[in-house]
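Chemist: sharing a model that was predicted from the sequence below.
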Amino acid sequence: MNRNKSLAKATLISMAGRIAVIVSIVSLVSYFHLRNSIIERTKIALANYVGERGIREKLPFSESMKTHSFLTNEFVKSYKSYLNDPMLEKKFALQARVFDDQAIRSRPEHFDGRNSSGVFINMNKRPDRSLMAKTLAALDVSNNFGPAFHHSFQDTYFTFPENGIVLYWPEFPNWVFDAKNTLQITNEEYFSVATPEKNPSKSSVWTAQFYDKVSKIWMVTASTPIYIEGQFVASVHHDMITNEIIGRTLHDQLADTSNFIVRADGMLIAHPELQTKIEEHEGKFDVSKESSSELTEQFLLMSHAEFDKKDLVFESRNYYFGATLISGPNWYFVTMLPKSVIQKAAFDNMGFVLFGGLFSLIMELVIFFFILKRQITRPLVELIGVTKKIADGDLSAHIEDHREDELGALARSFNKMTDAIAQRDDILERHNVDLENLVSERTAELNQQKAINIESSRLTALGEMAGGIAHEINTPLATIKLIASQTQSELQDIIPDLDKVGDGLARIDKTVDRVAKIIRGLKSFARDGSRDEFELVPLHSIIEDTVSLCSERFQLHGIEFNVSPVVIEHQIECRSVQICQVLLNLLNNSYDAVDGKEEKWIRLDVVESNDLFELRVTDSGKGVTPEIAEKIFEPFFTTKSIGKGTGMGLSISHGIVRSHLGRIFIDTASVNTCFVIQLPRRHVKAA
């Protein structure tokens, strides 16, 4: 292409020099003076602001230290009094008792969590006199003074090394009852920070931000250890919910600034961009370990500075920020102002300098406008019109391509592309028709094969059960014949024994019911239940129908078969025929697995778990290898010898259980081979 006819080159040569000279000379002369002036004013404003915010935020922290000293003295006096009280055990028994989970809690009949403190002690032995005295002392102190301190602190409570707590928290009156017997208070940070190991100075300390597992809220805790005669006996605590502090930090701010709080050891408390990350780390997100972040750079600057009761202003890569130290929890309250804001302010305030060059710039823009309109805008409008026609399906549309510059080259390339698209669309349309026909044929074949496989699996199971079912029916029929013969002989006597006759008829009736149950189970299994409606059925009837079809077979082959009892009232919403088929398939697989072994047993257990029922089929096999477990539910995969299995039973069972919104899997934790079916009590599809 001829360089003299380049559109870009001709436009740049005519315009770039004039605009660059005018804008550079007029704009840059005053920029740095304005910028430096704004920076100095900004630093003064940041220092004043963080100082005022620091005073406001540190007030509740300083109050907690004063109250702890008072509460400690009251606790020690009350503890010593109770320790020498001959009625100590009786008084303790009036306040707390052992619950079913072996945890000690407040007696419900004497407890109102909104107006009084609660007790929770989780230990494996009977409390001694010292623990009883500490518990009663803590109850007295928290009941007497907790309400008075509630306007400043979320709660008031005492903890003990024996894994106990006495808590006044009217917003969560049932905290001590909601706490699980697995709760280890001694493992919680609000306890551990006050222990002799972590707090040898015996001073009041604050925890990092943490998530309380019982109340399910974020908070920090002031903890003060209590020593009596040199022995660590308890700690007194106040919680402060951090939601309010975080809310003020993130939303109460100067224009164009943002705030954050970080503890002196690097734990981030609140940050406008990292709040989700803080929650994911359970309040223990350490910025000092984020080596590449600007936040880490800011933290290091603060941690090496000496505040000495004054507020400081720092500069990092992209921010100016002021910081103040909140004593007590050792938090840095920080306000950041992006440098880009100052730069923008400098640009905004130098507008008056630009007025001298506006006239020249406008004149250049007018010239530039006419050049662009003739050289670029008109060809582009034509190009847009053609693209709209192509978008509407007219691939015959073309652009005039007689120009010798870049737009002419673009037009020629566009026309070639349009022709190529037309050819490609024609080929794709033909391929799509062929592909749709092929997909329809393959889908029909797969659906037909799936129906054949399901029916084959059911018929195979029926064939495997046939011998056992025949024996199961023949045995009661022989019994009926024998009893009928005995009854007929008795009736021929001159004076028949009617009691014997009645007993015989009762045995015949019971035996007939047994045969009917077997036949009912066989009819249920033999028919196709895939089109049945989901309905509530007793779980025990599903188990009985399935067991009746295979128990005799197991007995004939010397296999010990046990079924756990099922609660009569338990019901499940399902297609009962399909669930019977799944269970029977698992039982038949277990039969094949243990037949021929020295130790032969199969067990069917039913376990209730929340909104689920678990059906567990376990046999004396030694489990399934991880390689087989990965593929065992795949179609046509089987571990049986050729001719004994199709490899479709478990695959079909997997599909049936999934259609019931359940799961079927191998319990890898079981020593023996164990298949587990999990089914919801109710079949509720997602909206």
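Modeler: Thanks, I have it.

Chemist: so for Asp265, what's the pLDDT?
Modeler: pLDDT, Asp265: 86.

Chemist: can I assume it sits in a strand?
Modeler: No - Asp265: not assigned to a strand; according to DSSP: H, G, I helix; E, B strand; the rest coil it is coil.

Chemist: so for the host helix or strand of Lys80, mean pLDDT?
Modeler: Using DSSP states H and E, Lys80 maps to helix 7-83. When pLDDT is averaged along helix 7-83, the result is 78.

Chemist: after that helix comes which helix or strand?
Modeler: helix 88-95.

Chemist: give me the contacts around that following helix.
Modeler: 82, 85, 106-107, 110, 119, 127, 129, 132-133, 135-136, 139 (Cβ atoms under 8 Å, 6 or more residues apart in numbering). For glycine as for every other residue, the C-beta is placed from the backbone atoms N, C-alpha and C.

Chemist: tell me the buried residues in the helix or strand just after it?
Modeler: Heading C-terminal from helix 88-95, the first helix or strand you meet, by DSSP H and E, is strand 96-98. Across strand 96-98, burial judged by 16 or more other Cβ atoms under 10 Å covers Ala96.

Chemist: and if you look at stretch 661-680?
Modeler: Neighbour-count burial for stretch 661-680 [16+ other Cβ under 10 Å]: 662, 664, 666-667, 672-680.

Chemist: mark which of those are part of strands, please.
Modeler: Taking DSSP state E, the ones among the buried residues of stretch 661-680 that sit in strands are 664, 666, 673-680.

Chemist: quick check: Gln102 vs Val433, distance?
Modeler: Distance, Gln102 to Val433, using Cβ to Cβ, to the nearest Å: 73 Å.

Chemist: who does Val313 form a beta bridge with?
Modeler: Gly322 (DSSP bridges).

Chemist: mind listing what Asn199 touches?
Modeler: 193, 205, 225.

Chemist: so what pLDDT did it get?
Modeler: For Asn199, the model assigns a pLDDT of 93.

Chemist: same deal with Glu290?
Modeler: Reported pLDDT for Glu290: 75.

Chemist: I'd assumed Glu297 was in contact with it.
Modeler: No - taking contacts as Cβ atoms under 8 Å, Glu290 lies outside contact range of Glu297: 9.7 Å.

Chemist: okay, now the domains of the chain?
Modeler: 63-243, 461-680 (automatic domain parsing).

Chemist: quick check: mean pLDDT of the longest one?
Modeler: Here domain 461-680 scores 79 as its mean pLDDT.

Chemist: do stretch 132-139 as well
Modeler: 96.

Chemist: what lies in contact with it?
Modeler: 75, 78-79, 81-83, 85, 88-89, 91-92, 95-96, 116-117, 119, 121, 127, 157-158, 160, 164, 166, 233-234.

Chemist: generate a PyMOL selection restricted to the buried subset of these.
Modeler: Here is the PyMOL command that selects the buried residues among these (16+ other Cβ under 10 Å):
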select buried, resi 75+78+79+82+83+85+88+92+95+96+116+117+119+121+127+157+158+160+164+166+233+234
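
Chemist: so after whichever helix or strand Ile542 is part of, what's the next helix or strand?
Modeler: In the assignment (DSSP H and E), Ile542 maps to helix 539-548. Later in the chain than helix 539-548, the nearest helix or strand by DSSP H and E is helix 551-556.

Chemist: report the buried residues of that next one.
Modeler: For helix 551-556, using 16+ other Cβ under 10 Å, the buried residues are 551-554.

Chemist: partners of the helix or strand just after it, with directions?
Modeler: Once helix 551-556 ends, the next helix or strand along the chain (criterion: DSSP H and E) is strand 560-563. Paired strands of strand 560-563, with direction, are strand 601-609 (parallel) (DSSP bridges).

Chemist: want to try a markdown table for the buried residues of helix 551-556, with distance to Arg35 as columns?
Modeler: Putting the buried residues of helix 551-556 into a markdown table (distance: Cβ to Cβ, whole Å) gives the following:
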| residue | distance to Arg35 |
| --- | --- |
| Ser551 | 91 |
| Glu552 | 95 |
| Arg553 | 92 |
| Phe554 | 90 |
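
Chemist: show me what contacts Ser64?
Modeler: Taking Cβ under 8 Å, 6+ apart as the test, what Ser64 contacts is 152-153, 204, 222, 238, 240, 328.

Chemist: from those, which would you call buried?
Modeler: Of the contacts of Ser64, these count as buried by 16+ other Cβ under 10 Å: 153, 204, 222, 238, 240, 328.

Chemist: quick one: contacts for Thr324?
Modeler: 50-51, 53-54, 307, 311, 332-333.

Chemist: for the helix or strand harbouring it, output the C-alpha coordinates as CSV.
Modeler: Thr324 belongs to strand 319-326 when assigned by DSSP H and E. In CSV, the C-alpha atoms belonging to strand 319-326 read as follows (Å, rounded to 0.1, in the frame of the first residue of the first chain):
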residue,chain,number,x,y,z
TYR,A,319,-3.0,5.9,48.8
TYR,A,320,-2.5,8.6,51.4
PHE,A,321,-3.9,7.2,54.7
GLY,A,322,-4.2,8.4,58.3
ALA,A,323,-4.1,6.0,61.2
THR,A,324,-4.8,6.0,65.0
LEU,A,325,-4.2,3.3,67.6
ILE,A,326,-7.2,2.1,69.6
